[in-house]
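Asks: sharing a model prediction with you, sequence too.
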Amino acid sequence: MIATITPSQCMGTVTIPPSKSMAHRAIIAAAFADGVSHITNVDFSEDILATIEGMRQLGAQITIGDDHVIVQGISDIGKADVREIFCNESGSTLRFFIPIFSLCGRPVRFTGKGRLLQRPQDVYETIFHAQGLRFEHTAEAIEIEGPLRAGTYEIDGNISSQFITGLLFALPLLPQDSLIRIRPPFESRSYIDLTLEMLEKFQIRAQFLDEMTILIKGGQRYRPCDVRIEGDFSQLAFFAVLAAIQGDLTITGISADSRQGDRQILSILEDFGATCRPLRDGFRIQKGTLHGCTIDLNNCPDLGPIVFVLAAMAEGETHIRNAGRLRIKESDRIAAMEEELRKFHVDIRSTEEEVWIHGHTSGYSCEETLQGHNDHRIVMAMTVMTLVNHSVCRIEDAQAIRKSYPSFFEDVQRLQGKVELL
Ligand SMILES: O=C(O)C1=C[C@@H](OP(=O)(O)O)[C@@H](O)[C@H](O)C1
Ligand SMILES: C=C(OP(=O)(O)O)C(=O)O
């Protein structure tokens with residue numbers, strides 16, 4: 001898909017889609033519960049469809065409605081006839097599934113698309129091999145054979161929190177207790193809080209003994225639960241930055257008391273000079289005189305691409321810290337944003353872990369075609385960059401938005417943003 005974006009003054013109200021992270025977690029937890037759970041406010045992005053399909057193969061019965069799913073939990077994981085699980089491009093699906101699927105105790109092969117199988121999995125490889133279990137990672141697939149056993153798991157905290165979440169789903173089902181010890185630095189910690197919050201709804205308890213140690217009691221059972229998925233702050237960020245640069249937008253469908261780390265976008269925008277007013281069901285974001293700041297992405301890596309755009313449109317220098325994990329997502333998001341923003345002549349430089357952008361508020365022009373790098377967050381960030389600047393731009397590979405936000409362009413159009421899709 002090619003998206004042609006024309007600079008436009010956006011206005012009005014947008015309702016943000018439900019959180020992809022929370023939907024993955026709710027569907028997996030419901031699939032383990034001994035009964036029926038109703039999960040409402042679900043957006044059927046490609047990542048969520050991969051998780052639904054995988055949990056069906058493990059034996060859950062999942063009925064898809066227009067914006068909800070009804071999940072009848074797995075009756076006997078030992079009877080699951082799973083062989084090959086296609087995770088598409090979803091890192092969450094693959095990393096949440098590996099410990100879970102190990103529990104069926106038979107060989108399972110995971111496949112995927114794009115960069116998925118190049119993203120790091122060695123944390124699991126080490127764990128499986130230490131327990132004498134099969135874990136083979138090639139360019140085409142990961143093949144495992146479990147089950148994992150209860151025990152003490154030592155995990156590096158700065159590769160992906162998704163390994164910890166995967167273990168948190170599986171370990172409560174083992175007969176004995178387990179400990180997860182996280183080696184510092186512990187990044188994306190907010191996602192572990194989201195996992196614990198969802199597990200608790202399904203009556204599974206795991207607790208931090210200290211900042212770096214989680215105790216997971218064995219012998220627990222997931223109980224069915226009805227969950228409404230909250231709005232997604234990582235998606236709110238695209239519209240919030242658009243409003244902060246351009247004017248005034250109302251964003252609904254999102255709650256101020258969420259534990260999502262990406263809610264940090266609100267304080268980032270305030271630091272840059274915009275105004276974020278909480279409303280009953282969302283926020284009103286208004287433009288300010290934007291100036292560069294320091295941004296720490298430790299707890300909110302998915303904000304990366306859009307805060308690069310914010311920095312380009314703010315006066316002076318922005319320093320972005322703890323950004324290294326952006327290089328191991330659907331694309332190398334630092335390299336991708338550098339390449340695309342340079343087409344607008346933005347002054348940007350990076351090291352492995354850090355980025356500096358020297359921005360200005362007078363706007364930019366671009367004569368080149370933009371690339372989406374097969375990455376939804378790059379496509380959405382470059383859409384915002386084009387809307388607020390001086391040139392009509394084509395974005396190739398724009399279908400990547402289906403990974404997390406299939407109706408993104410329709411939502412931009414509803415706000416009077418000019419988008420043509422081919
Ligand atoms: O647990 C989750 O839902 C996620 C964790 C984060 O990954 P890392 O922990 O690998 O940074 C985030 O980037 C990803 O989009 C979703
Ligand atoms: C990195 C992302 O997701 P995942 O890791 O699940 O592929 C994302 O949504 O930006």
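Replies: Right, received. Where do you want to start? Numbering: from 1, shown residues only. Ligands and ions are numbered 1, 2, ... in the order given.

Asks: how about the helices in the stretch 301-422 of the chain?
Replies: Here the stretch 301-422 of the chain has its helices, by DSSP state H, counting those that start in this stretch, at 304-312, 333-342, 376-387, 408-414.

Asks: can I get those in CSV including distance to ligand 1, mean pLDDT and mean neighbour count?
Replies: (Glycine included, C-beta is placed from N, CA and C.) Output for these, formatted as CSV (distance: least, Cβ to the nearest ligand atom, whole Å; pLDDT from 0 to 100; neighbours: other Cβ atoms under 10 Å):
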stretch, distance to ligand 1, mean pLDDT, mean neighbour count
helix 304-312, 9, 98, 29
helix 333-342, 10, 98, 22
helix 376-387, 9, 98, 28
helix 408-414, 16, 98, 18
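
Asks: and the ones you listed: which comes nearest ligand 2?
Replies: Of all the helices of the stretch 301-422 of the chain, it is helix 376-387 that lies closest to ligand 2, at 5.3 Å by Cβ to the nearest ligand atom.

Asks: isn't Asp302 right up against Gln260?
Replies: No: shown here, Asp302 and Gln260 do not form a contact pair, counting by Cβ atoms under 8 Å, at 9.6 Å.

Asks: anything in contact with each of these two?
Replies: Counting by Cβ atoms under 8 Å, 6 or more residues apart in numbering, the residues touching both Asp302 and Gln260 are Ser234.

Asks: before we move on, the earlier item: now distance to ligand 2 too, for the helices of the stretch 301-422 of the chain, in a markdown table please.
Replies: Shown next, in a markdown table, are those (distance: least, Cβ to the nearest ligand atom, whole Å):
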| stretch | distance to ligand 2 |
| --- | --- |
| helix 304-312 | 9 |
| helix 333-342 | 8 |
| helix 376-387 | 5 |
| helix 408-414 | 13 |
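
Asks: dump these into JSON lines; add distance to Thr4 as well.
Replies: Below are the helices of the stretch 301-422 of the chain laid out as JSON lines (distance: least, Cβ to Cβ, whole Å):
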{"stretch": "helix 304-312", "distance to Thr4": "18"}
{"stretch": "helix 333-342", "distance to Thr4": "15"}
{"stretch": "helix 376-387", "distance to Thr4": "9"}
{"stretch": "helix 408-414", "distance to Thr4": "11"}
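
Asks: so which of those helices comes closest to Gly231?
Replies: Closest approach to Gly231 among these (Cβ to Cβ): helix 408-414, 12.7 Å.

Asks: any chance you could list what contacts the closest one?
Replies: By Cβ under 8 Å, 6+ apart, the surrounding residues in contact with helix 408-414 are 3, 10, 12, 14-15, 235, 238-239, 379-380, 383, 387, 398, 401, 419, 421.

Asks: now with 10 Å?
Replies: If you take Cβ atoms under 10 Å, 6 or more residues apart in numbering as the criterion, helix 408-414 is touched by 1, 3, 5, 8, 10, 12-17, 235, 238-239, 242, 376, 379-380, 383-384, 387, 398, 401-402, 405, 407, 417-421.

Asks: buried only: go through these for me.
Replies: Those of the contacts of helix 408-414 that meet the buried threshold are 3, 5, 8, 10, 14, 16-17, 235, 238-239, 242, 376, 379-380, 383-384, 387, 398, 401-402, 405, 417, 419, by 16 or more other Cβ atoms under 10 Å.

Asks: just the element for the nearest residue to Asp302 once chain neighbours are set aside, please.
Replies: Leaving out its chain neighbours, the residue that sits closest to Asp302 by Cβ to Cβ, 6 or more residues apart in numbering is Ser234, at 4.2 Å. Ser234 is part of helix 233-246 when elements are defined by DSSP states H and E.

Asks: same thing with Ile70?
Replies: Going by DSSP H and E, Ile70 is in strand 68-72.

Asks: related to what we said a few turns ago, what's the closest of the helices of the stretch 301-422 of the chain to Glu125?
Replies: Closest to Glu125 of the helices of the stretch 301-422 of the chain is helix 333-342 (Cβ to Cβ; 24.1 Å).

Asks: can I get the CA coordinates of the closest one in PDB?
Replies: What follows is helix 333-342, C-alpha atoms only, in PDB (Å, rounded to 0.1, in the frame of the first residue of the first chain):
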ATOM      1  CA  ARG A 333      13.800   2.200  14.500                       C
ATOM      2  CA  ILE A 334      16.800   4.500  15.100                       C
ATOM      3  CA  ALA A 335      18.300   3.900  11.600                       C
ATOM      4  CA  ALA A 336      14.900   4.000  10.000                       C
ATOM      5  CA  MET A 337      13.900   7.300  11.500                       C
ATOM      6  CA  GLU A 338      17.300   8.800  10.800                       C
ATOM      7  CA  GLU A 339      17.000   7.800   7.100                       C
ATOM      8  CA  GLU A 340      13.400   9.200   6.800                       C
ATOM      9  CA  LEU A 341      13.900  12.400   8.800                       C
ATOM     10  CA  ARG A 342      17.100  13.200   6.800                       C
END
